[in-house]
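Chemist: Give the three-dimensional model of this entry:
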Amino acid sequence: MSEKTEEDCAAIIDQGNLLCVMLAQPDADSALNEMHRIVTLIGDHARANRCRNIAGVECA
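Modeler: Predicted coordinates:
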């Protein structure tokens, strides 16, 4: 696994865990306003991994 892929996987796991913790809090309603930012980051890392796996190259 390439270094970039490993970094993206680690980021997906970390950000997914953060999202779970934020949603589990009693005041999760107030955190919902910022959830799209974390989900966008997770998607960015996942798309980068997919691109590398399909094309076999680094994506911008």
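Chemist: and the spatially most central residue of the chain, what does it touch?
Modeler: Centroid-nearest residue in the chain: residue 42, 1.8 Å away (criterion: Cα atoms, centre = their mean). If you count contacts by Cβ atoms under 8 Å, 6 or more residues apart in numbering, residue 42 has them with 11, 12, 15, 16, 19. Heads up, the C-betas are built off the backbone N, CA and C, glycines and all.
Chemist: what separates stretch 32-41 from the chain centre, distance-wise?
Modeler: Stretch 32-41 has its C-alpha centroid displaced from the chain centroid by 10 Å (Cα atoms, centre = their mean, to the nearest Å).
Chemist: Now do residue 24 against residue 14, distance only.
Modeler: As judged by Cβ to Cβ, to the nearest Å, residue 24 and residue 14 stand 16 Å apart.
Chemist: Please report phi then psi for the residue of the chain most remote from its centre.
Modeler: Taking Cα atoms, centre = their mean, the residue of the chain most remote from its mean C-alpha position is residue 26, at 23.1 Å. Dihedral pair for residue 26: phi -60, psi -30, per degrees, to the nearest 10.
Chemist: quick one: what helix or strand has the residue nearest to the centre of the chain in it?
Modeler: helix 35-55 (DSSP states H and E).
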